[in-house]
Every structure is written in C-alpha cells, then in structure tokens.
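Q: show me the folded form of this:
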Amino acid sequence: MKISIGLDLSTVNSGYSVFHDDKLIKYGSIKPKTTLDVLQRIEVMCEEFRPIIKEQCDKHNVFEDEIIFVIENIFLGFFKGRNQVLGFANLGRISGAVMAIIFNNGQPAENIILRNANVARPMVGLSGSCQKCEVQSWVINKFFNIDNSDYEGLIDAVYAQKNVGDISQGVYKKRMGDISKLIESETNISEDIADAVLLGYGEVK
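A: Presented below is the predicted three-dimensional model:
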C-alpha cells in the first residue's frame, strides 16, 4: 500500500489530502483563528497536522518513512508590494515548520516532494495554467461523483467571453474567483482542499 499526503499550506487555511494508492480516504483543511498572530497560527497548524500522520501509521500499520508527502511549493511570481514579500516569508515559515514535524517523525528527505501547482496539474490531465475553480470542478467530479456540468458551463462561458475580448483580464480573474467561491459554498471543496487533493493524486498517479 502506498500512502501519499498532499498539502496546500497557508497561514490562513491549509488543505490536506490522504491517498491510499489512488483512493482518496481523507481530506480537510486546518483553519487557525484569525485573531492569532502568524507564528501562533503556524503552531496550531503543526499541532493539528501531527495526528494526521500518526493516524495513518497506527490505522494501517505502516512506518513513518513509508509515507510520501507532497507539499505545494512557494510560487515566486513577480508581484509588487511589501505584503507579497511577507506572504512569501510566512509560507516559507509554515513549510519549514511542517517539514520539521515530518523529519522528527523519522521521514527521509527523499519522501518529501516540493511541487508547484502548475507542475502537478498536467500530471492529472489539467492545464498547468488553469484556474482554481477548474481544479475544484475536477476534484468534485473525480472523487465525489458530483455532477460538475453546471460549473463547467460557467467556466466555459467566462473563457468564451475572454477569448472574444468581451471582458478584461481583471474581470476574467474575478469571475473565475466567483465560480470558485460558488463551488466551495455548494460542495465544501475549497481551493485549498482541491489543491491538496491535486498534489496527492498527482504523486500516486
């Protein structure tokens, strides 16, 4: 049995997925209170993440070094402003904290994979540049047997408007973001959970 854990980390909402071979057996997100400062949020996330590893070892009689972890890498795009720099720093801190837990549980370095989302998407047949709502739609169709035709129709309509020049890039991004929020509100599959599922499944495939 191959166990893979996918992690989409952030200081606000971290998604995770657990795969046994290619079967999704557990998923969720960790949301610390927004009243906590960044380091306290990281502490909370690590404390909640630790039992997830232990549960897999205990339930399935596997050693820690038999689990593969796929962590979304930090996207170092070209953004302006101090907030983006702080965001990169905080993502680095939470990734380091989670990797410390993994190493402390006896994991070898080769069992930790840092992978960008635009690399993971083609591994499951999606475009590397697709939008978050497209990943969410793919996840609910693939793993939850929910009809995603309405979401696909909305996504296709926004693409069509962009391709004929009816909407700007900014409006395009906003509308795709609105579809993402709609999917989350109707299915409880957030962007974070969808990316975590994508990362985990990409590895088992």
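Q: what residue ranges in this protein score low on pLDDT?
A: For the chain, the stretches flagged by pLDDT under 70 are 1, 62-65, 76-85, 105-106.
Q: helices of that one, start to end?
A: 38-60, 82-104, 117-123, 132-143, 149-163, 169-187, 191-204 (DSSP state H).
Q: so which of these gets nearest residue 9?
A: helix 82-104 (5.0 Å; CB to CB). In this view, the C-beta of every residue, glycine as well, is placed from N, C-alpha and C.
Q: residues contacting that closest one, please?
A: 7, 9-11, 14, 38-39, 42-43, 45-46, 49-50, 53, 69, 71, 74, 76, 109, 111-112, 114 (CB atoms under 8 Å, 6 or more residues apart in numbering).
Q: between helix 38-60 and it, find me the angle.
A: Interaxial angle, helix 82-104 versus helix 38-60 (axes from the mean of the first three to the mean of the last three CA atoms, to 10 degrees): 30 degrees.
Q: what comes up buried for helix 82-104?
A: For helix 82-104, the neighbour count (16 or more other CB atoms under 10 Å) marks 90-91, 93-95, 97-99, 102 as buried.
Q: likewise for stretch 185-201?
A: Applying 16+ other CB under 10 Å to stretch 185-201 flags 187, 189-201 as buried.
Q: centre of the chain to it, how far?
A: Mean C-alpha position of stretch 185-201 versus that of the full chain (CA atoms, centre = their mean, to the nearest Å) differs by 6 Å.
Q: export it as CSV, just CAs?
A: Below are the C-alpha coordinates for stretch 185-201, written out as CSV (Å, rounded to 0.1, in the frame of the first residue of the first chain):
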residue,chain,number,x,y,z
SER,A,185,-20.3,27.2,-0.9
GLU,A,186,-22.2,24.3,-2.6
THR,A,187,-19.8,21.4,-2.2
ASN,A,188,-17.5,22.5,0.8
ILE,A,189,-14.5,21.8,-1.5
SER,A,190,-12.3,24.9,-1.1
GLU,A,191,-9.4,25.9,-3.3
ASP,A,192,-7.0,24.7,-0.5
ILE,A,193,-8.6,21.2,-0.3
ALA,A,194,-8.7,20.9,-4.1
ASP,A,195,-5.0,21.8,-4.5
ALA,A,196,-4.1,19.3,-1.7
VAL,A,197,-6.1,16.6,-3.5
LEU,A,198,-4.4,17.5,-6.8
LEU,A,199,-0.9,17.3,-5.2
GLY,A,200,-1.6,13.9,-3.5
TYR,A,201,-3.2,12.3,-6.5
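Q: what about residue 171, neighbour count?
A: By other CB atoms under 10 Å, 13 other residues sit near residue 171.
Q: thinking again about what came up before, output the buried residues of helix 82-104 in CSV, with distance to residue 143 appended to each entry.
A: Putting the buried residues of helix 82-104 into CSV (distance: CB to CB, whole Å) gives the following:
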residue, distance to residue 143
90, 29
91, 26
93, 31
94, 25
95, 25
97, 28
98, 23
99, 26
102, 24
